[in-house]
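[1] quick one, fold the following:
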Amino acid sequence: MPVKKMGFEGKIYYGPAGTQAPTEIGNSRDITESFDYSEGPTTVRGTTGVAPLETGRVVSRKYGLDWQMTEKSDDTTLQALKAAAVAGIPVSIRTKSHATGKGYDGDMNIKFKKGMPLNGEQTLDFSGTPNDEKRHPPLAES
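    Residues are numbered from 1 along each chain as shown. Purely as a prediction, here's the structure:
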C-alpha cells in the first residue's frame, strides 16, 4: 500500500443517527475536514511597563466537515441527506482518510447549498457539525 495518500482514497459514510454510518457515499467529490478551537484569554498586565503579549488557552475544540455531491434523482443516499438537512434531523457520518484510516465517527447536524451553474451540472455542497444527542462524537486524527 502506498505511503502517500491521494484524495480519492478518502471515504465518507452516511447512516441513521445513533449508529455507525454503514453506507459509503460514492456520489461525493471534495471532502474537507476542519479542525479548530476556541480559546479563553489568559493575558495579564505583567510588571514590564509595556503592552502585554496577548495569550490564551484552548477551552473547546471544533470539528467541521464539508463535501460535495452531484444532483442525481436516483441517488437514495443523496435524497435522504437532503431530507435530513431540510428537516433539521441529525445523521450519522463517518470519514476515513483511506480504506483502513482514521477519521470522524459520530452524528452531525447537516445543511447544504445547491449550485445550478449555467454551464455545468447541479451540485450540493454539504456541511456538518457534531451533534451529541444520541452519542458522544469521538474524534480521531485523520
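[2] so residue 104 is in contact with residue 129, correct?
    No - under the criterion of Cβ atoms under 8 Å, residue 104 is not in contact with residue 129, lying 10.8 Å apart. Placement of C-beta: from N, CA and C, glycine included.
[3] give me the more crowded residue out of the two.
    Higher neighbour count among residue 104 and residue 129: residue 104, with 23 against 15, using other Cβ atoms under 10 Å.
[4] what's the nearest residue to that one if we skip its chain neighbours?
    Nearest in space to residue 104, with sequence neighbours left out and distances taken as Cβ to Cβ, 6 or more residues apart in numbering, is residue 95 at 4.8 Å.
[5] phi, psi for residue 8 please.
    phi -70, psi -10 (degrees, to the nearest 10).
[6] element containing the spatially most central residue of the chain, please.
    Taking Cα atoms, centre = their mean as the criterion, residue 65 is the residue nearest the geometric centre of the chain, at 1.6 Å. Secondary structure from DSSP states H and E places residue 65 in strand 56-70.
[7] against residue 59, how distant is the nearest residue to residue 46 once chain neighbours are set aside?
    In space, and not counting its chain neighbours, residue 46 is closest to residue 52: 5.2 Å by Cβ to Cβ, 6+ apart. Going from residue 52 to residue 59 by Cβ to Cβ, to the nearest Å gives 20 Å.
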